[in-house]
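Participant: the following comprises the amino acid sequence and a computationally predicted model.
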Amino acid sequence: MANSMHCWNGNHMVAIDIETGGLDPTWNEILSICMLPLDSNCDVRRDVLPFNILMKPTHPTRIEPAAIKINKLKLEQIEKTGFDQIQALELFEKWFEKLNIKYDKYGKRHKIIPLGHNYAGFDKPFITKWMGHETYNQYFHYHDRDTMHTAAYLNDRAGMHVEKIPFPKLSLRYVASQLKITSDNFHNALEDCKVTAAVYKKFITMGLIG
């Protein structure tokens with residue numbers, strides 16, 4: 001694995017995406033979650049598998065048909081191969097150990113830097129509800145990265161310079177298409193993680209500030 005970026009201070013970036021049974025984290029639940037570890041070049045790490053599982057809902061009657069239509073998850077498969085919330089958290093904790101994240105000189109362990117598309121606005125509330133705030137803060141750094149926010153910044157920058165707005169729509173599919181990044185399977189947690197990582201790397205390599 002490539003060395004961590006100096007700005008990460010020993011933490012490790014991980015692309016994260018979830019598929020849910022609806023849009024309300026106080027009511028709906030995670031049905032699928034993927035965490036894809038990245039190296040310092042924002043490429044997918046090859047030394048550890050992604051955390052990519054289905055999660056059984058505690059309240060299946062709360063699943064909204066519109067959500068299933070979008071993410072195309074099969075409830076029968078979730079019931080057959082998914083994990084309940086406690087099992088999923090235990091699997092995550094075991095997976096986290098495989099990331100080989102070190103401790104600092106004060107004995108404090110470094111954390112995951114989440115990378116997502118609308119991560120704080122959508123993914124994080126669902127994940128913290130599942131894990132609990134204390135457990136979440138144990139594993140995840142608060143300096144998350146977000147490709148939607150980056151695209152919005154670029155729109156603001158273009159507007160200030162009276163230039164063409166590069167991303168009039170901010171969905172992951174649209175932002176990726178404008179950057180010539182393709183996928184045949186949007187709204188799949190693993191594939192969306194891959195696309196998010198590719199979009200973020202493209203943003204970094206474009207040299208955006210100036």
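Facilitator: Now that the structure is in, tell me what you want to look at.
Participant: which residue ranges form the helices in the chain?
Facilitator: Ranges of helices in the chain, per DSSP state H, are 65-71, 75-81, 85-98, 124-131, 133-139, 147-160, 172-178, 189-206.
Participant: right, so of the ones you listed, which gets closest to Asp24?
Facilitator: Proximity to Asp24 (C-beta to C-beta) singles out helix 124-131 among those, at 9.1 Å. From N, CA and C alone the C-beta is placed, and that goes for glycine too.
Participant: which residues does that closest one contact?
Facilitator: 16, 18, 20, 25-26, 28-30, 33, 55, 85, 88-89, 92, 114, 116, 136, 139, 144 (C-beta atoms under 8 Å, 6 or more residues apart in numbering).
Participant: can I see the domain layout of the protein?
Facilitator: Annotated domains of the chain cover 8-143, 147-206 [automatic domain parsing].
Participant: about what we covered before: quick check: which of the helices of the chain is nearest to Ser40?
Facilitator: Nearest to Ser40, of the helices of the chain and by C-beta to C-beta, is helix 189-206 at 10.9 Å.
Participant: tell me the helices and strands packed up against the closest one.
Facilitator: Here helix 189-206 touches strand 12-20, strand 30-37, strand 112-116, helix 147-160, helix 172-178, going by 3 or more C-beta pairs under 8 Å, 6 or more residues apart in numbering; DSSP states H and E.
Participant: mind listing residues that contact the shortest one?
Facilitator: In this case it means strand 112-116. Taking C-beta under 8 Å, 6+ apart as the rule, strand 112-116 contacts 8, 11-17, 35, 38, 96, 99, 101, 122-124, 139-141, 143-147, 196-197, 200.
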